[in-house]
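> With the sequence up front, the predicted model follows.
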Protein chains: 2
Amino acid sequence: MPSNIIPSNIPDIVIGRLPIYLRALNRLAQEGHEVTSSHELGERLGISSAQIRKDLSHFGGFGKQGTGYQIAYLKEQLEQVLKVNREWLVALVGAGDLGSALAHYKGFADRGFRIACVFDSSPHKIGKELVNFVIQSMEEMPKVIAESGIKIAMVAVPAEVAQLVADQLIEAGIRGILNYAPINLNVPDYVRVQYIDPVVHMQRMTYYLS
Amino acid sequence: MPSNIIPSNIPDIVIGRLPIYLRALNRLAQEGHEVTSSHELGERLGISSAQIRKDLSHFGGFGKQGTGYQIAYLKEQLEQVLKVNREWLVALVGAGDLGSALAHYKGFADRGFRIACVFDSSPHKIGKELVNFVIQSMEEMPKVIAESGIKIAMVAVPAEVAQLVADQLIEAGIRGILNYAPINLNVPDYVRVQYIDPVVHMQRMTYYLS
């Protein structure tokens, strides 16, 4: 694949697996590996090696038969496909327990993301410092986001206000929402939403437990 | 479907959607609705009504053509299928920012889960109170979990120690792990793992952003 062309018609389910591959490659690199194989990746991830080869073939294939993948190269290519070979600024809405944990989290920086501003509706929090940020009011949110050109927001507010917050974010220019509120959001087609709800994940496991 | 029989051969992808349906039904009930339809649910969830009807038909179908679903009944049935018509005790490993936020989270109780114990390796944290818990040491973990019969754990520890923690949890009897550490876990077939990694979710969105 020419390194400046990213295919635009990859199935969403394949795109969904690429961050998992990238995370495993980062791990392998940290452990000192330079080369890996679809077999080794598959073992680590519980995904068949055939699936991995097929997924990567959407991008023209990154490895040669029998010699495996150069980790640094594959990592770079996946970062390019996922557009995380740059830093995305992220708006954080909600400075409660979860928002605060996210603001403190150190795992964003080297994977393409940086929280750039934090908003909350509580008069007790607005103006206070959280990590490196001064918590701003919800009234300031649309202007700050529109002016900064931020495209991604993490929503860590109560379910009752999450849709309203999402509407305001989209109006201000947000196009990707990571929603921690336990509610489905209605958004236009041009906005992507990803959901994180620990209960949904746990309810998905209990079916299998006796 | 007879209410005491839960089919055991439902595709995992269907099981994965049931908690989403259940969450939407809870929301509809809170809003005062008593009846819903696959069309209404589909609109809320961005899932086709045909898909919803098909998913629910695995359980014999809960609605009558044209009259929609009784929300309270469907909710009860889904809770039974997912086995969350009971309370699951959960062990929390890691009392850092994220673990602390999880311990404070009030959204578990009415959806089938209750954190019952918290563990951390830091001498500065062991013995301290966190919400209603006294943080216990990692050395105590295997015994506490084995004796309590707890089957589910949330892992909120650094990536470097997550595999070791998972191994210990499984040895102690844990069969479902909600893993917040940004690393894939190797576990036996009889253990379910669900992953929460905000970066993976955001990297899945950036592909679509310009």
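Received it, and whenever you're ready, just let me know what you need. Numbering: from 1, shown residues only, chains lettered A, B, ... in the order given.

> can you give me the strands for chain A?
A:35-36, A:69-70, A:88-93, A:113-120, A:129-130, A:133-134, A:136-137, A:152-155, A:176-179, A:192-195 (DSSP state E).

> Mind giving me the packing neighbours of the third one?
Spelled out, that is strand A:88-93. helix A:97-104, strand A:113-120, helix A:141-148, strand A:152-155, helix A:159-171, helix B:198-206 (3 or more CB pairs under 8 Å, 6 or more residues apart in numbering or on different chains; DSSP states H and E). (C-beta placed from N, C-alpha, C; glycine too.)

> Who are the contact partners of A:Y21?
A:L41, A:L45, A:I52, A:D55, A:L56, A:L74, A:L78 (CB atoms under 8 Å, 6 or more residues apart in numbering or on different chains).

> Run through the residues that contact the residue nearest in space to the middle of chain A.
Nearest to the centroid of the C-alpha atoms of chain A, with distances taken as CA atoms, centre = their mean, sits A:L178, at 7.4 Å. A:L178 is in contact with A:I152, A:A153, A:M154, A:V155, A:V193, A:Q194, A:I196, B:P198, B:H201, B:M202, B:M205, counting by CB under 8 Å, 6+ apart.

> Can you give me the distance of the first one to B:V35?
Relative to B:V35, A:I152 is positioned 38 Å away (criterion: CB to CB, to the nearest Å).

> between those two, who's got more neighbours?
Remark: of A:I152 and B:V35, A:I152 carries more neighbours, 23 against 15, as counted by other CB atoms under 10 Å in any protein chain shown.

> top helix in chain A by residue count?
When chain A is parsed with DSSP state H, its longest helix is helix A:12-30.

> Quick check: buried residues in it?
Residues A:14-28 are the ones in helix A:12-30 that count as buried (16 or more other CB atoms under 10 Å in any protein chain shown).

> give me the number of residues near the residue nearest to A:G96 when sequence neighbours are not counted?
Sequence neighbours aside, A:A156 is the residue nearest to A:G96 in space, at 6.6 Å (criterion: CB to CB, 6 or more residues apart in numbering or on different chains). Per other CB under 10 Å, the neighbour tally for A:A156 reads 27.

> Please name the residues that touch A:A156.
A:L92, A:V93, A:G94, A:G96, A:L98, A:G99, A:L102, A:Y180, A:A181.

> from those, which single one is nearest chain B?
Nearest to chain B among those is A:L98, at 4.6 Å by CB to the nearest CB.

> I figured the closest one hits B:G107, correct?
No. The pair A:L98 / B:G107 is not scored as a contact, 10.1 Å apart, by CB atoms under 8 Å.

> Between those two, which is the more surrounded one?
Neighbour totals were compared for A:L98 and B:G107, and A:L98 leads with 23 against 15 (other CB under 10 Å).

> check contacts around the more buried one.
A:L98 sits in contact with A:A156, A:Y180, B:A101, B:Y105, where contact means CB under 8 Å, 6+ apart.

> Pipe the residues you listed into JSON lines and attach pLDDT per row.
Listed next are those as JSON lines, based on pLDDT from 0 to 100:
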{"residue": "A:A156", "pLDDT": "98"}
{"residue": "A:Y180", "pLDDT": "98"}
{"residue": "B:A101", "pLDDT": "96"}
{"residue": "B:Y105", "pLDDT": "95"}
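
> can you pick the most crowded of the residues you listed?
A:A156 (27 neighbours).

> mind checking how far that one is from A:L178?
Applying CB to CB, the value for A:A156 to A:L178 is 9 Å.

> now swap in A:G112 and tell me
According to CB to CB, A:G112 and A:L178 sit 13 Å apart.

> Which neighbours do those two have in common?
Residues touching both A:G112 and A:L178 (CB under 8 Å, 6+ apart) are B:M202.

> what's in contact with stretch A:9-19?
Contacts to stretch A:9-19, defined as CB under 8 Å, 6+ apart, come from residues A:47, A:51, A:55, A:58-59, A:78, A:81-82, B:197, B:199-201, B:203-204, B:207.

> which of those residues count as buried?
The buried subset of the contacts of stretch A:9-19 (16+ other CB under 10 Å) comprises A:47, A:55, A:58-59, A:78, A:81-82, B:197, B:199-201, B:203-204, B:207.

> from these, which is closest to A:S121?
Among the buried ones among the contacts of stretch A:9-19, B:H201 lies closest to A:S121 (CB to CB), at 24.0 Å.

> Could you report the distance from the closest one to chain A?
Taking CB to the nearest CB, to the nearest Å as the measure, B:H201 falls 4 Å from chain A.
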